[in-house]
Every structure is written in C-alpha cells, then in structure tokens.
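Asks: For reference, the sequence and a predicted model appear below.
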Amino acid sequence: MFAYRGFMLDSVRHMQSIEEIKKLIDAISLLGFNKFHWHLTDDQGWRFESERFPVLNSVAAVRPYSDFGKTRDNNPYGRVYTKAEMREIVAYCAERGIDVIPEIDMPGHTSALLSAFPSLSCTGEAVKIKTHQGIFKDVLCLAKEETFEFITAIIDEFLGIFPGEYFHIGGDEAPSEHWKNCPDCQRYMKEHGIESYAEYQNSFMNRIIDYLESKNRHCIVWNEAAKGRNLDKRAIVQYWKENPKPTVKFLNEGGKAILSPFSYCYMDYDYNITPLNRVYSLKAELTGLTEEGKKNIIGLEGTVWTEYITENRQLEKLLFPRIIAVSKIALGENNKPYKDFVADVRDIRKQLNGIAFCDEKSWTKPRISTVYGWLKFVKDHYSIEYIKEQLF
Ligand SMILES: [Zn+2]
C-alpha cells in the first residue's frame, strides 16, 4: 500500500461547484484516497482568491471565451474560488482523512497570471489569458527578483488556506524561447554557470522548494523538473510522461516520486484509449530502479484534466469506474484477476449511490481500440487550424 494515494482535479479549464467537489471527495474517500491535489492555476484561468493581489480575481480568473476542441463558447468564463469556499473544501477533506495539495503551476502554464502581471514575464509585454488547450511560450522570467518576491507572497496566501504537508509547484511544459532572448535570463545563467534551460528552471524551483521547506512544506513537481540534474532532492517528482530515466536516477539517488503515467492514470481520455482493463493492469514501478530506488516511490495518483469536460456528469463518467482501479493499485489490492475486480466494481458502484458511471459495455476494450480511440480523440477535439498551429 502506498502512503500517498492521490486524486487530482483540474478546476481551471472548467470549474466545478463546491457541492460537486464535495460529492467527488465523498466518493474518493470511500475508495481509500488520502490526497486531493487541486490544480488551481493555469494558462486558461486563476482560481485562488487573493486579498493581496485582487487583480488576480478579476483579470486572471476570467477568459473572454472558450475554444477547446471543436466547440466554441463565446461567453466569458471563470471566477476564483473564494477563501471561504476553499476553507470549506479543506475542512470537508480533513473530516475524511484527506489532505489537500494546492498547485500553483510555474514557471510555465502561467498565461493567466501574466495577463494580470505582465511585468513578471521576460518582455514585460501584455500577455493574453488563453482560451484553448496547448503549451504556450508565455513563462515567468526567472531572473527578475520581482518574480521570486511575487511567487513567495502568493504562496504565503495559499499557506493561510491550505495547512497540508505538500505543495505542488508544477514545473511542466515550460518552453525556453523567451529565456533565450531575455538579457536578464542570459545574464543570470552566465553569472551562475548554468548551461541548460532545465537547470535554469530548477535554479528557480529550488529557491521555491527551499522557501516552502522553511515553512515545513514538501514540494511536488512534474517530472520535467527531473531533467535538470540540480533538482533539490527534497522535492517529490510526479512522473507522468516521456523518458522515465531522469526520474529513475532521481529515485536511485534518494529522491522521492509519485506515479501518474498518463496512459493509465489520466482519466480525461476516452475509454477507447484507456479502458478499465488497461488502468487495472498498471504496474506501479519504473524500470532501472535499485532496491533503494523502489522504496522511494511513495505514491500513485489518478488525474482528471478538464479541457473537454464541461459538466459534472461527464466528469463522473470518465472517472468512474477507472478511478476505482487506481485506488486498488494504490492500496495494493490489485492481485485479483480482472474479472473478479470487475465484480468488485459492481459492488462498489452500489455504495457510490448518485455517482454517474460509464456504461459497463464500454469498460473493457481490446488493445486495438486505442488506435481507434486516438483517431477519434483527435477528430473530436482538434481542428485543422489547431493542428497546424501546433506543428508549424
Ligand atoms: Zn527573462
């Protein structure tokens, strides 16, 4: 059984009401999860109410329209969760033995933040909050002391709401294009003898890790941060994709990690791509670990990203029953043959009264369905214009 049994919810791309979140918390609590990772900031919105920086509540929280996939909604979208609402979630989770782990994604996925504070970017020019999915080149300028001061100030405000042991600071998908052209970034790298952008990113992340450790909080970072060899060993790497070698090295050298391999643990993909039988088949391990390294995997996390999920019934159907398989693996209760597990799922379903489940005929798929699933996924969510934009 893993000590860390996590569930992540993206409340940025599309939000959930406090009542909807509580309903999910009730369900994951029954399944044995003990960590709720709440993704609160990204390119398409900022969801944390700030007293110190109220411009976050207005400018950074609201995008002018939404254009995810092939559907466009021309209405402005988004707001922050109030401090009272967030405290309510923290208390609700605490009553059920669940710690809340807030995430401020940095230094990438910061378009919404930069739309309110353009001075934190390399160019200082206006940045637009994003209205569609993707990876964007708008990132924090890490050489400006103002950036560190802002981030630590907003972290202090988060700490006033979230009392848990862990804090997620992102670290994924941060393009270096602006850093390459920024005199401040280039000067900083030269002065500190930093040769790669992965290490440059970590020089900042390590300062944040140090800051949070001084407040008795442990930081979690997405696995891209492990590419920079200088990542502080007190960080916990969340492995989700690509080459596992940097994470394996980090673990073998005494660092810790939690696992969320996306082709098993990302519940926003269609059942054709990630059927229940595939999730249940996950081996929570990485190749190349020493005995010591194996012990440093402390957890497993199922996640749901909401670019394409606009309402809660759809969200629940994507999560259930697949999140049950994640819970069984996290609890070390995945030794039964698949068909017996499915029988257990039917029983658990009865206990999760009121939760919308995916139709049972879609739970189990042959492996070939993945190919069809991906083609359908691309067709449903990506326009030709979007694909061109990503490729060229
Ligand atoms: Zn810069």
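Replies: That came in fine, so what should we check first?
Asks: low pLDDT regions in this protein?
Replies: 389-392 (pLDDT under 70).
Asks: Could you list the residues in contact with the longest helix along it?
Replies: Ranked by residue count under DSSP state H, the longest helix found in the chain is helix 197-214. Helix 197-214 is touched from outside by 106-107, 140, 142, 147-148, 151-152, 155, 167, 169, 171, 174, 176, 179-180, 185, 188-189, 192, 194, 218-219, 221, 224-225, 227-232, 234-235, with contacts defined as CB atoms under 8 Å, 6 or more residues apart in numbering. Just so you know, the C-beta spots here come from the backbone N, C-alpha and C atoms, and that holds for glycine as well.
Asks: check whether that helix contacts the ion.
Replies: No - applying CB under 5 Å from the ion, one finds helix 197-214 separated from the ion by no less than 9.7 Å.
Asks: buried sites along that helix?
Replies: Neighbour counts over helix 197-214 (16 or more other CB atoms under 10 Å) mark 197-206, 208-209, 211-212 as buried.
Asks: gap between residue 18 and residue 25?
Replies: Distance of residue 18 to residue 25, computed by CB to CB, to the nearest Å: 10 Å.
Asks: Going by how many neighbours each has, rank those two and give me the top one.
Replies: Under the neighbour definition other CB atoms under 10 Å, residue 18 and residue 25 were set side by side, and residue 25 has more, 21 against 16.
Asks: For that one, list the residues it contacts.
Replies: Residue 25 neighbours (CB under 8 Å, 6+ apart): 36, 89, 92, 93, 96, 98.
Asks: Residue 64 too?
Replies: Contacts of residue 64 by CB under 8 Å, 6+ apart are 76, 129, 131.
Asks: With secondary structure as new columns, can those be given to me in a markdown table?
Replies: Shown next, in a markdown table, are these (DSSP: H, G, I helix; E, B strand; the rest coil):
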| residue | secondary structure |
| --- | --- |
| 76 | coil |
| 129 | coil |
| 131 | coil |
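Asks: before we move on, the earlier item: with distance to the ion, secondary structure and neighbour count as added columns, please give the contacts of residue 25 in CSV.
Replies: Shown next, in CSV, are those (distance: CB to the ion, whole Å; DSSP: H, G, I helix; E, B strand; the rest coil; neighbours: other CB atoms under 10 Å):
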residue, distance to the ion, secondary structure, neighbour count
36, 34, strand, 25
89, 35, helix, 21
92, 40, helix, 18
93, 37, helix, 23
96, 43, coil, 15
98, 38, coil, 22
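Asks: Of these, which pair is most distant in space?
Replies: Within these, two members stand farthest from each other by CB to CB: 89 and 96, at 11.1 Å.
Asks: Could you pull up phi and psi at the residue nearest to residue 14 when sequence neighbours are not counted?
Replies: The shortest distance from residue 14 to any non-neighbouring residue, by CB to CB, 6 or more residues apart in numbering, is to residue 306 (4.2 Å). Backbone torsions for residue 306, taken as degrees, to the nearest 10, come to phi -120, psi 30.
Asks: Enumerate every residue touching residue 306.
Replies: Residue 306 is in contact with 9, 10, 11, 12, 13, 14, 268, 315, counting by CB under 8 Å, 6+ apart.
Asks: Out of the residues you listed, flag the one nearest to the ion.
Replies: Distance to the ion, by CB to the ion, is smallest for residue 12 among the contacts of residue 306, at 24.3 Å.
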